[in-house]
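Enquirer: need a structure here:
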Amino acid sequence: MCFGASTVITRRHTSGIDLTALISGALDTLVEEFITLELEADNLKLYEIRPDAARIATVQAAESGAIPSCDILEVLNEFEHPRHEEFAAPSRWSFLNAFTEVSKKYSPARADVCQRKLTRLFGLDGQPSMLWDGQAIDV
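Expert: This is a model prediction of the structure:
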C-alpha cells in the first residue's frame with residue numbers, strides 16, 4: 001500500500017493533451033496523498049481494536065464491497081493469528097494488514113477495488129474513518 005489508490009487520471013481524447021501538466025499535477029497530488037497516508041497509517045498503529053469491533057468492521061467492509069463476504073472469516077483469522085509477527089498486537093494497523101494479506105489472492109482488478117474501498121473505510125484518505133469515527137463501534 002504505497003499509495004491509497006485514490007488518484008486516477010482519465011481522458012477520453014488524446015488530442016491537445018498536455019502531458020507535462022497532467023503528469024506534474026498527478027505527481028503533486030500523489031505527494032500530498034502519500035503524506036496523508038503516512039500520517040493516517042501511523043495513527044492506526046496507536047489504537048487497539050477489540051475482537052468484537054473487528055468482527056463488526058469486517059462485516060461492514062464486506063457490505064461495502066471491499067471484500068467478498070466469503071472472506072470475512074479469513075480476514076478475522078488473519079487478524080487473530082497474523083502470519084507476520086509485527087502484526088501480533090491487535091491494533092487498527094494490524095487489522096488493516098489482515099485485509100491486505102487476504103487481498104493478495106485477488107485479481108489485480110479486484111485487489112484495486114479492495115484497496116480503494118479500504119482506503120476510504122480506514123480513513124487513509126484523510127477523511128474520517130467509516131469504520132469507527134461516528135459509528136457505533138466501541139474500540
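Enquirer: And Y106, its phi and psi?
Expert: Main-chain torsions, Y106, degrees, to the nearest 10: phi -70, psi 160.
Enquirer: Could you report the neighbour count for it?
Expert: Neighbour count of Y106, defined by other CB atoms under 10 Å: 16. For the C-beta atoms, the positions are set from N, CA and C on the backbone; glycine is no exception.
Enquirer: is it true that it touches C114?
Expert: Yes - contact criterion CB atoms under 8 Å: Y106 and C114 qualify, at 6.1 Å.
Enquirer: Which parts of the chain are helices?
Expert: Assigned helices in the chain, in chain order: 19-44, 51-63, 72-80, 92-103, 108-121 (criterion: DSSP state H).
Enquirer: Determine which of these approaches Q127 most closely.
Expert: In terms of CB to CB, the element of the helices of the chain nearest to Q127 is helix 108-121, at 7.2 Å.
Enquirer: now the closest one against helix 19-44, angle please.
Expert: 60 degrees (axes from the mean of the first three to the mean of the last three CA atoms, to 10 degrees).
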